[in-house]
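Novice: Provided below for reference: sequence and predicted model.
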Amino acid sequence: MTEQGFEAEGLVKAFGKVTALDGVSLAAPRGQVLGVLGPNGAGKTTVIRILATLLRPDGGRASVAGYDVTRQPGQVRRRIALSGQHASVDEELTGRANLVMIGRLLDLTHPQAARRAGELLARFGLEDAAKRPVAGYSGGMRRRLDLAASLVGRPEVVFLDEPSVGLDPGKRDELWQMIRGLSADGVTVLLTTQYLEEADALADAIAVIDHGRVIASGTPAELKSQVGGHTIAVRPNDPADAEATTAILADVAGRAPERSTRHELAVPVTGDEALFEIAARLREQRIGVSELSLRLPSLDEVFLALTGAPATAADNTPEPTKAAS
Amino acid sequence: MTTVAPATLPTTEQPRTRPLAWFRHSLVLAGRSLAKTTRNPGPIVNGVITPALFMVLFAYLFGGSVAGSTADYLQYLFPGILVMGAGLAGMVSTGSSINLDLKNGVTDRFRSLPISRIAPLLGSVLADLVRYLLAVAILFAIGALLGFRIQGGLADAVAAAGLAILFGFCLSWVMVFVGVLVRSAEFVLAISFITFLPLQLGSSLAAPVETLPGWLRAWAEINPVTQVMDACRALLNGAPAGDAVATTLIWCAALFVVFCPLAVRAYGRQQ
């Protein structure tokens, strides 16, 4: 038995003249969740497609569940599942029929496939919709069905390409819970995302990828300290208190806050004590606040901290998922 | 024991799958394609309505002048219509449905499953076979209603239907190949309609090739559809059909041998 869920070393891939991957190395031990964070065109999908045996790398090597993706693709395919950016389920078929079909393709007998479909429909809260064609499903239901479809074969490694794209926040939380359930079952997960918040919520480790290269990696805590921890935002009740609030924030954080919106002041902080200190001083001076929050840096702020430039989508990079050939 | 599966899988694979797995998977995916057809019957309707319209149109417009009477002309026209129906039912469905699968990510799921690369394609083409069968049966019924009568024996009639369906099956692989290569489903449909006209109408469908003007005759004589139509016409009218049947079979084999591997290779290719 191998200890690695998956492992990639120096992956290189070019589409024509565009270099999509320029030596990407990443790995996750069995049962862990690796979040791959990056803007559009950074190479996230290309990494997934190579690990899922859909693309052949130009250079480097990769193995999944101990099997080489180019030399033993069949072995890899028996152990993985892929859930792409588009929910790849059949609109015309019912939710149940979609799952049974995948089961049949995985060599389950019809009763086995039906039983497995029933289990997954229950687990993903789709029992009521099981007999309806997917065409009538909401975006959240499709996503859940897509995830369920990827689990029919009890994969050891699951690749999720931007799983929460297009979901409203409530549905996203629901999906997150289901993804956490996967890793609780011992499944290794690779998840791509454009949101540090999502990677932070789900991943044991994060790799930040930009222009086909890993520019930072580590646990969410390590990465957050690297990019400057949190941002505190305060909105005083009375706009007249803005000046006093600014003084408090500047004093505690050691730098001048910015007006992030018309009445909101925001300042990056390191360490957890800053919030309590600021709250205490606001109370001392009897400044009422309508909003006081501690939030993670956005992807832009992460990239600003890591590269000195904001995240930019590499517009000329082809979108490999849409390439037919 | 190894599976009879595609060359893309290394032979070191452990045979967890039973033999003929690729065929069982193809059947599962054929079921998928048919289930989709019952919800979206456009292609099959197209495969029946278009030839049926041509049949009615030609029979009543030209029947009198070409063959002296509608009934006589129908005896000539119907076999060609049958071939058109079998060809069309697949031409308009397989290519575009495979193309759609490629675009919306379903293909990525199939390709990441431990199934043979040929299964999704063969599944779609096998489902087409059922569609041809249906189209051919409905066309026979309409033809009989209009006054077409089988002159040869029952075995000959079955052979004619089988020949039309076999040709449709082999022609499907051309469209599968196009569907894998081309970027949009609209483009696939455009190609199938553009090729439909010269292929199906530039043939012996409406009149014997000897009566066509020189340039059209030259095309119609090398057009494989002419051979299939001639073969079916001879079989259904109780005439000797030997040469045409043999030529048809050669054409079918050639189309299949060239385009099936091309399509599977293009589909299974890792970029």
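Specialist: That came through, no problem.

Novice: and the next element down the chain from the helix or strand encompassing residue A:46?
Specialist: Using DSSP states H and E, the element containing residue A:46 is helix A:44-51. Following helix A:44-51 in sequence order, the next helix or strand is strand A:59-64 (DSSP H and E).

Novice: what lines up beside that following strand in the sheet?
Specialist: Note on strand A:59-64: by DSSP bridges, its sheet partners are strand A:4-15 (antiparallel), strand A:67-68 (antiparallel).

Novice: Which parts of the chain are helices?
Specialist: Assuming you mean chain A. With DSSP state H as the criterion, chain A has helices at A:44-51, A:73-77, A:95-105, A:110-123, A:139-151, A:169-184, A:196-202, A:220-226, A:242-253, A:273-284, A:299-307.

Novice: my bad, the chain I had in mind was chain B
Specialist: Going by DSSP H, chain B shows helices at B:21-39, B:42-67, B:70-91, B:94-104, B:106-111, B:118-146, B:154-181, B:185-196, B:214-222, B:224-236, B:242-268.

Novice: So for residue A:97, which of the ones you listed sits nearest?
Specialist: With CB to CB, the closest approach to residue A:97 among these belongs to helix B:21-39: 6.7 Å. All C-beta spots, glycine's among them, are computed from the backbone N, C-alpha and C.

Novice: what about the closest one and chain A, touching?
Specialist: Yes - using CB under 8 Å from any CB of the partner chain, we find that helix B:21-39 touches chain A at B:21, B:25, B:28-29, B:31-32, B:35-36, B:39.

Novice: Backbone dihedrals for residue A:204, both of them.
Specialist: Per-residue torsions, residue A:204: phi -80, psi -30 (degrees, to the nearest 10).

Novice: taking the strands paired with strand A:59-64 together, which one is wrapped up most tightly?
Specialist: strand A:4-15 (a mean of 20; mean count of other CB atoms under 10 Å in any protein chain shown).

Novice: returning to that earlier point: and of the strands paired with strand A:59-64, who's closest to residue A:200?
Specialist: Comparing the strands paired with strand A:59-64 under CB to CB, the one sitting nearest is strand A:4-15, at 19.8 Å.

Novice: now the helices of chain B as JSON lines including mean pLDDT?
Specialist: Listed next are the helices of chain B as JSON lines, based on pLDDT from 0 to 100:
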{"stretch": "helix B:21-39", "mean pLDDT": "89"}
{"stretch": "helix B:42-67", "mean pLDDT": "81"}
{"stretch": "helix B:70-91", "mean pLDDT": "84"}
{"stretch": "helix B:94-104", "mean pLDDT": "82"}
{"stretch": "helix B:106-111", "mean pLDDT": "88"}
{"stretch": "helix B:118-146", "mean pLDDT": "89"}
{"stretch": "helix B:154-181", "mean pLDDT": "90"}
{"stretch": "helix B:185-196", "mean pLDDT": "82"}
{"stretch": "helix B:214-222", "mean pLDDT": "89"}
{"stretch": "helix B:224-236", "mean pLDDT": "91"}
{"stretch": "helix B:242-268", "mean pLDDT": "90"}
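
Novice: Of all those helices, which one is nearest residue A:146?
Specialist: helix B:106-111 (8.7 Å).

Novice: The closest one and chain A, are they touching?
Specialist: Yes - using CB under 8 Å from any CB, helix B:106-111 reaches chain A at B:106, B:108-111.

Novice: want to throw the residues you listed into CSV with neighbour count?
Specialist: Formatted as CSV, those follow (neighbours: other CB atoms under 10 Å in any protein chain shown):
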residue, neighbour count
B:106, 22
B:108, 24
B:109, 22
B:110, 22
B:111, 21
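
Novice: So which residues on the stretch 51-200 of chain A come close to chain B?
Specialist: A:52-56, A:71-75, A:77-78, A:80-82, A:84-90, A:92-93, A:97, A:101-102, A:104-107, A:133, A:149-150, A:153.

Novice: low pLDDT regions in the stretch 151-300 of chain A?
Specialist: Applying pLDDT under 70 to the stretch 151-300 of chain A flags residues A:228-229, A:298-299.
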